[in-house]
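Undergrad: Quick one, fold the following:
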Amino acid sequence: MSDDTPRTEQHDPAVPTAYATFMRTGWADTERDLPELPVARHAAARRERLAAMFPGERLVLPAGTFKVRAHDTDYRFRPDTAHTYFSGNQTTDAVLVIEPDGSSVLFARPRSGRDSDEFFRDRQYGALWAGERPSLRELSQSLALEVRHLEELPRTLERGDKTRVHRGISADVDRLVSPDDSQDADLARVVSEMRLVKDEWELGELAAACDATVLGFEDAVREWDRVQQYGERWLEGTFFRRARAMGNDIGYDSICAAGPHATTLHWIDNTGPVEPGQLVLCDMGVEGTNLYTADVTRTMPVTGRFTPLQRDLYTLVFDAQEAAMAALAPGQPFLAGHDAAMRVLAHGLADLDLLPVSAEEALDPDSRVYARWTLHGTSHMLGMDVHDCGAAAPDSYREGTLAKDMVLTVEPGLYFQAEDLLVPEELRGIGIRIEDDVVVTEDGIRNLSAALPRDVAGVEEWMGRHLP
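TA: Residues are numbered from 1 along each chain as shown. From the prediction side, this is the model:
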């Protein structure tokens, strides 16, 4: 699995034998005693549950490796969600194997040996280039998990036990085991569905991500003078600073969309100006150090005050979100919130004389003409992935029912495209979305992002407190 040839570039200086010999001597190789990470006991319980679902089978969950951004530069590494959910590990190239008897081993790439060229020459794995990787013992201590050298993985997978692989994460691992599309897809489904209901520790991680996200929104408004000077880029950069300071990263590319850009659902270029009179839609989330992410959207008036038209449209979206939240509770269909929000929006669009039919006719599943201006679903699951549990079966997710401790977004929106000739000119180029992250409780929901005001008066008061 590992390649001893250092990853170097054409422009790197030559390495004479004398220099290489000298660089392989005189280094301390200190191993630390590390405390067990809080995630370790939760990961162990998850592995036990997963093994019980596939008795007598070997399960293979890779972390993945670096992804190239351009030529010889990589994106910052982020491990595959399922791998980290069941192991706690966040280092590159590692592979979690759950054996047929239920025991687990993490196969990992250890730190560079001081007597190797990798230590001082390798751009991806060398300690002097990329930082010190943990030793196998350090990983084992912190994860409370047996850890072996990655080189042993091929021999392990050669054994003839029935083996399922979480595919598409590591090409190297995929090549080691002949695929079985059905059984591998079933593993992907199960590891996704196991994340549908969050435990208490996960809820704490998601709450912390939401709290940091609220602070990121506050940061952006405090720098509103620079936002108007430099545009959407300043919003993106300001929020990113908070995400890196208090978490691992942003959970997804931030959407900072002013004026007509707000009608593009995933506007991530963030290159436009932010001008008085416009609304600016910011869809942003901090990913915490344990990789749980928030996903919050607010639509704000650039002047700090909504115009009468903006107020009316924003209130319509707010009322739709309120209706969606009121519809969510254990035992209710996952789509209950979406259906409630769409009823409000369809009737609001009818009141604006935009629908070619009545609101009730538009709401018919065979029509849905109202969706020209609503475009997307109102909710998705949230967790370590911003669109969490994506491989879950439809009857467990979209067509399923809500259960206590599920976490999902509530995010209705209205989008009037700048070139939409079916709406009055004054509506064109306006996009509004309000999004919060909620956890299903015993009798309803709790809003994890409630610290960020949602209603017209609350948004205006909040902006007034933080504007420079």
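Undergrad: Listing request: residues of the stretch 51-200 of the chain with sub-threshold pLDDT.
TA: Within the stretch 51-200 of the chain, no stretch has pLDDT under 70.
Undergrad: just the strands in it please.
TA: Using DSSP state E, counting those that start in this stretch, the strands of the stretch 51-200 of the chain run over residues 58-62, 68-70, 73-74, 95-98, 104-108, 146-149, 163-165.
Undergrad: Include distance to Ser358 when you put those into TSV, please.
TA: Where C-beta positions appear, they are placed from N, C-alpha and C, glycine not excepted. Conversion of the strands of the stretch 51-200 of the chain to TSV gives the following (distance: least, Cβ to Cβ, whole Å):
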stretch	distance to Ser358
strand 58-62	51
strand 68-70	51
strand 73-74	55
strand 95-98	55
strand 104-108	58
strand 146-149	64
strand 163-165	51
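Undergrad: Save the ones you listed as CSV, and put in mean neighbour count and distance to Trp462 too.
TA: Below are the strands of the stretch 51-200 of the chain laid out as CSV (neighbours: other Cβ atoms under 10 Å; distance: least, Cβ to Cβ, whole Å):
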stretch, mean neighbour count, distance to Trp462
strand 58-62, 25, 42
strand 68-70, 9, 36
strand 73-74, 12, 39
strand 95-98, 25, 44
strand 104-108, 24, 45
strand 146-149, 17, 47
strand 163-165, 23, 48
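Undergrad: mind checking which of those strands is nearest Ala450?
TA: Across the strands of the stretch 51-200 of the chain, Ala450 has its closest neighbour in strand 58-62 (35.0 Å, Cβ to Cβ).
Undergrad: Report the strands that pair with the closest one, each with its relative direction.
TA: Sheet pairing here is set by DSSP bridges, and for strand 58-62 it gives strand 95-98 (antiparallel), strand 163-165 (parallel).
Undergrad: Indicate which one of those is closest to Ala294.
TA: Of the strands paired with strand 58-62, nearest to Ala294 by Cβ to Cβ is strand 95-98, at 26.4 Å.
Undergrad: got the CA positions of the closest one in CSV?
TA: Presented in CSV, the C-alpha positions along strand 95-98 are these (Å, rounded to 0.1, in the frame of the first residue of the first chain):
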residue,chain,number,x,y,z
VAL,A,95,-8.3,1.9,6.5
LEU,A,96,-10.7,0.6,9.2
VAL,A,97,-11.3,-3.1,9.1
ILE,A,98,-14.0,-4.8,11.2
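Undergrad: And the contacts of it?
TA: Strand 95-98 is contacted by residues 47, 50-51, 58-63, 83, 86-87, 89, 104-108, 150, 153, 156-157, 170, 173 when judged by Cβ atoms under 8 Å, 6 or more residues apart in numbering.
Undergrad: mind checking the end-to-end distance for stretch 267-287?
TA: Terminal residues of stretch 267-287 lie 19 Å apart, using Cα to Cα, to the nearest Å.
Undergrad: And for stretch 9-20?
TA: Stretch 9-20: ends 17 Å apart by Cα to Cα.
Undergrad: For it, which outside residues touch it?
TA: Residues outside stretch 9-20 that contact it (Cβ under 8 Å, 6+ apart) are 72, 117, 121, 123.
Undergrad: in it, what counts as buried?
TA: Within stretch 9-20, no residue is scored as buried using 16 or more other Cβ atoms under 10 Å.
Undergrad: swap in stretch 424-436?
TA: Neighbour counts over stretch 424-436 (16+ other Cβ under 10 Å) mark 427-436 as buried.
Undergrad: So for Asp436, what's the pLDDT?
TA: On pLDDT, Asp436 comes in at 99.
Undergrad: List the backbone torsions phi and psi for it.
TA: Dihedral pair for Asp436: phi -130, psi 160, per degrees, to the nearest 10.
Undergrad: List the residues that contact the closest residue in space to it that isn't next to it in sequence.
TA: Closest residue in space to Asp436, ignoring its immediate chain neighbours: Ser449 at 4.6 Å, by Cβ to Cβ, 6 or more residues apart in numbering. Neighbour list for Ser449: 210, 213-214, 294, 296, 436-437 [criterion: Cβ under 8 Å, 6+ apart].
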